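K.L.:
Curious how this folds, go ahead:
(2 chains)
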Amino acid sequence: MNKFRVLLLSILLILATSCATQPKQPYDWTAFEAADPRSILVLPVLNNTVDIDAPLYALSTLAIPLGEKGYYVFPVNTVKIVLEQEGLYEGEAIKELGTQAIANLFGADSVLYVEIDQWDAKYAVLATTVTVDINYMLDDKDGTRIWEEDVTMNYTPQQNSSGNPLADLVAAAIVAGITRAAPNYIPLMQQANAKAFVTGTRALPNGPYAADNK
Amino acid sequence: MKLMYRIVFIALSVSFFSGCVNTKHDWGNYETELYTYYKSPTPEEQEELMNELATTFARTESKGVVPPPGLYAEYGTFLFQEGDLPNAIVFYEKEKNAWPESTQFMDSLISTLQKRIDTQETRKPDDE
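P.N.:
Residues are numbered from 1 along each chain as shown, chains lettered A, B, ... in the order given. The predicted structure is shown next:
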């Protein structure tokens, strides 16, 4: 019986340790450090999904996290309008222009491409869960890729527990209903952006205006 | 003793929540207003976004700090779209003075608008 217990314990131990050893490759920051960008030009988002609102949520929420990181962020709407006046309405057409040409046009140190590959809302009675896959790619002004991150996450709009199960159930149903009628995915994009720029394993280094830099 | 715990807990949660609010820049409601404007780009929504930006400028300027990167220029672009080219230039100049990284972009916008103003002015005598 005791032997059995030892065996069970050792199996558990192996399982637990194997789970803990995740391959953590240190990110190569050489290219980023060589470019040492002060400014980031955020381009209109490339949408590979059928959700027409996804790129609007994304574009509206990108300036703040990058500005808070201490970078100069070009005015996203002004950039969008200038590009439209050049006849560039879509993320794909802008991408074809090439990073170098775009960076030259605006005098930017780096150019951020954001691509939304997945934006699927699963509607259920009590909660709507959205699964997103967003790719962030940063090029320096010569077109060299200096950073990239891929964020995949599930998002369910939060509600606070009242301590009363029945009240919680009703509240959850109301939240799900509201989400379906007029979804607000700004918090979702904020979380994805934070994961990419701030809290993830490849979080961006601080820019020149960050308090603790230079 | 219990009261002591409570005080410590309240103090901790206060510092936690104030930490959340403590951002580097004062962005106001830029994010939400910009999204709302993209979702329905009507003159009313544009006006709301412009009002929000103007409020942010008033708040930051009264504290003697610069507004976040890009916001002066965004305001300038809305003025430009409304046809107020001279004031658009004023805001592009503000952006340039606040954020030197924007110099090349702002200079090109300013010279484009200045050319338009000049051609409008030279055209006027011909019309009369």
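
K.L.:
any chance you could map the helices in the chain?
P.N.:
Using chain A here. Secondary structure of chain A, counting by DSSP state H: helices at A:2-20, A:30-35, A:54-61, A:63-68, A:76-85, A:91-97, A:99-106, A:165-181, A:186-194.

K.L.:
Actually, chain B is the one I wanted.
P.N.:
Read by DSSP H, chain B holds these helices, from start to end of the chain: B:2-21, B:30-39, B:43-62, B:71-81, B:85-98, B:103-127.

K.L.:
how long is stretch B:97-105 end to end?
P.N.:
12 Å (C-alpha to C-alpha, to the nearest Å).

K.L.:
near chain A, which residues of chain B?
P.N.:
Taking C-beta under 8 Å from any C-beta of the partner chain, the part of chain B that reaches chain A is made up of B:23-25, B:27, B:30-32, B:34-35, B:38-39, B:68-71, B:73-74, B:76-77, B:81, B:95, B:99, B:101-105, B:109. C-beta coordinates here come from the backbone N, C-alpha and C atoms, glycine included.

K.L.:
Buried among those residues? Make that a PyMOL selection.
P.N.:
Entered in PyMOL, the line below selects the buried ones among those, by 16 or more other C-beta atoms under 10 Å in any protein chain shown:
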select buried, chain B and resi 25+27+30+31+34+35+38+68+69+70+71+73+74+76+77+95+99+101+102+105+109
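
K.L.:
most neighbours per residue, which of the helices of chain A?
P.N.:
Among the helices of chain A, judged by mean count of other C-beta atoms under 10 Å in any protein chain shown, the one packed with the most neighbours on average is helix A:54-61 (a mean of 24).

K.L.:
Packing partners of it?
P.N.:
With contacts defined as 3 or more C-beta pairs under 8 Å, 6 or more residues apart in numbering or on different chains; DSSP states H and E, the secondary structure elements packing on helix A:54-61 are strand A:46-47, helix A:76-85, strand A:110-123, helix A:186-194, helix B:30-39.

K.L.:
Where does pLDDT dip in chain B?
P.N.:
Scanning chain B for pLDDT under 70 picks out the ranges B:1-22, B:124-128.

K.L.:
Tell me which residue in it sits closest to chain A.
P.N.:
The shortest separation between chain B and chain A is 2.8 Å, found at B:Q104 (distances taken as C-beta to the nearest C-beta).

K.L.:
isn't that residue right up against A:N104?
P.N.:
No: between B:Q104 and A:N104 there is no contact under C-beta atoms under 8 Å: 9.0 Å.

K.L.:
Get me the contact residues on chain A for chain B.
P.N.:
Contact residues of chain A with respect to chain B, defined by C-beta under 8 Å from any C-beta, are listed as A:38-39, A:53, A:56-57, A:59-61, A:63-64, A:67-68, A:70-78, A:81-82, A:106-109, A:186, A:209-211.

K.L.:
before we move on, back to that, which pLDDT value goes with the nearest residue to the residue of chain B closest to chain A once chain neighbours are set aside?
P.N.:
Beyond its immediate neighbours in the sequence, the residue positioned closest to B:Q104 (C-beta to C-beta, 6 or more residues apart in numbering or on different chains) is A:G107, lying 2.8 Å away. As summarised for this prediction, A:G107 has a pLDDT of 97.
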